[in-house]
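Novice: structure for the following, please:
(one chain, ligands or ions: 2)
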Amino acid sequence: MTCSLNKNAELVRYAFDKGINFFDTAPLYCDDKSEDIFGIALKQLARQRDKVYICTKGFPETNDTAEKAVAAVEKSLKRLNVDKIDFYYVWCIRSMKQYRLAMQKGGQYEGLLKCKQQGRLDHIVVSTHLRGEEIETIVDEGCFDGILIGMNILNFPYRWSGAQAAYRAGIGVVAMNPLAGGIIPKYEKQLGFLAGPGQSPTQAALEFLIGCPQITVALNGFSRREQIDMACRCADECRALDEKQINEIRAHISENLNSLCTGCGYCMKSCPKKIPIAAYMQFYNDKLLQDRSDEKMIKELAEQKIYGILVDVPAQAKDCLHCRRCEEACTQHLNIIERLDEIARWEQQIYEKKL
Ligand code: SF4
Ligand code: SF4
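Specialist: Numbers count the residues shown, from 1 in each chain. Ligands and ions are numbered 1, 2, ... in the order given. Predicted structure coming up:
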């Protein structure tokens, strides 16, 4: 294990030597070894510590008191071999209820403020899978120095208003999941339209995030030197995009992925039952892109309801009234009702099997 930790730490140093200076880790990542790997690398980079930004995270649920939050920061500091964490995330906010839990009196945020006052961390930030308008609410409350959001060239319309709000507020926006959980490299043939001349869809997806002025940092996972090299090439070659170009990409996705939901959210305004249609349709994209079986979709749906875009939703697929207002508003003219009915059957199985 030590050998593999050292080998991975070497990769971190390789990335640093190539000019990457912003690193994202967390407890539990890589079988709970990620912070240890960074600890080895940061010890070796101790003389250049001022040139490295290190981020780690803590859940609001497991750190539901200020004392627990302080203890979690201390544990991460020790594992990372540093005196100070540059960015500490209130981690994985998937519902406003979790956000309020983190912010409650005597809760995680209060503990993190204390750590900040003691110089144990520099910036308190938040990582979230919420919808764009909910992210806007968090940004407007003004408690964080930055946000980390799941965003890529395929799903960006779904959270774009949140990224824009953060950009306007002058706080950093870090984009995670730039390759849509591996969908983009896996389906390069189907997604060829994303690429420009001499580019692969994977490169196009990375360059898109790097080129958006609203995105401060695009995170890219790596397990090999070649992946680091490719990310650096994309950063060197990408061009800054303006609002017109971003809108053109949005339209281009919409035209070329005409059976896919683009996450634009137009369908949501008219739903009398407040069903999170865009979230359900984005989830359904996986079936279309990956030709997934019902069994896999049910498993994925169960996970999305715990960790993903379907946590704490105000209504479920089965609540649909078949009124067709959403289909009339849909920019992609999708058969939303048919898809919701299929999803409702999967949800039923989740409840019956208690998944
Ligand atoms: S058809 Fe269903 S999902 Fe669509 S607007 Fe009506 S109730 Fe909402
Ligand atoms: S309007 Fe259509 S494409 Fe846009 S979010 Fe709704 S279902 Fe998806």
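Novice: quick one: contacts for residue 69?
Specialist: Residue 69 makes contact with 58, 63, 107-112, 115, according to Cβ atoms under 8 Å, 6 or more residues apart in numbering. C-beta here means a position set from N, CA and C on the backbone, and glycine is covered the same way.
Novice: in PyMOL, select just the buried ones from those residues.
Specialist: Burial among those is assessed by 16 or more other Cβ atoms under 10 Å; the matching PyMOL selection reads:
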select buried, resi 58+63+107+108+109+110+111+112+115
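Novice: out of the contacts of residue 69, list just those in helices.
Specialist: 108-112, 115 (DSSP state H).
Novice: hang on, the earlier thing: let me know the closest of the contacts of residue 69 to residue 73.
Specialist: Residue 73 lies nearest to residue 115 out of the contacts of residue 69, by Cβ to Cβ, at 4.7 Å.
Novice: how about the ones in helices among the contacts of residue 69 in a markdown table, adding distance to ligand 1 and pLDDT?
Specialist: Listed next are the ones in helices among the contacts of residue 69 as a markdown table, based on distance: Cβ to the nearest ligand atom, whole Å; pLDDT from 0 to 100:
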| residue | distance to ligand 1 | pLDDT |
| --- | --- | --- |
| 108 | 35 | 98 |
| 109 | 35 | 98 |
| 110 | 39 | 98 |
| 111 | 41 | 98 |
| 112 | 39 | 98 |
| 115 | 44 | 98 |
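Novice: closest one to residue 233 out of those residues, please.
Specialist: residue 112 (36.5 Å).
Novice: thought the closest one was touching residue 73?
Specialist: Yes. The pair residue 112 / residue 73 is scored as a contact, 7.0 Å apart, by Cβ atoms under 8 Å.
Novice: what sits in contact with each of those two?
Specialist: 88, 121.
Novice: picking up where we left off before, kindly reformat the ones in helices among the contacts of residue 69 as a markdown table containing distance to residue 230.
Specialist: Below are those laid out as a markdown table (distance: Cβ to Cβ, whole Å):
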| residue | distance to residue 230 |
| --- | --- |
| 108 | 36 |
| 109 | 37 |
| 110 | 42 |
| 111 | 39 |
| 112 | 35 |
| 115 | 36 |
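Novice: quick one: contacts of stretch 180-189?
Specialist: 152-155, 179, 191, 194, 200-202, 205, 286, 289-290.
Novice: swap in 10 Å and give it another go.
Specialist: 150-155, 177-179, 190-191, 194-195, 200-206, 221, 285-286, 289-290 (Cβ atoms under 10 Å, 6 or more residues apart in numbering).
Novice: now the strands: where do they sit in the stretch 101-250 of the chain?
Specialist: For the stretch 101-250 of the chain, the strands defined by DSSP state E, counting those that start in this stretch occupy 121-128, 146-150, 172-176, 217-218.
Novice: and the residue nearest the centre of the protein?
Specialist: residue 150 (1.9 Å; Cα atoms, centre = their mean).
Novice: skip the chain neighbours and tell me the closest residue to that residue.
Specialist: residue 177 (4.4 Å; Cβ to Cβ, 6 or more residues apart in numbering).
Novice: swap in residue 207?
Specialist: residue 238 (3.7 Å).
Novice: contacting residues around the one you found?
Specialist: The neighbours of residue 238, taking Cβ under 10 Å, 6+ apart as the test, are 203-204, 206-212, 218.
Novice: if we go to 6 Å?
Specialist: 207, 210-211 (Cβ atoms under 6 Å, 6 or more residues apart in numbering).
Novice: switch those residues over to CSV; also include neighbour count.
Specialist: Shown next, in CSV, are the contacts of residue 238 (neighbours: other Cβ atoms under 10 Å):
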residue, neighbour count
207, 25
210, 22
211, 20
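Novice: list just the nearest of these to residue 271.
Specialist: Distance to residue 271, by Cβ to Cβ, is smallest for residue 211 among the contacts of residue 238, at 33.7 Å.
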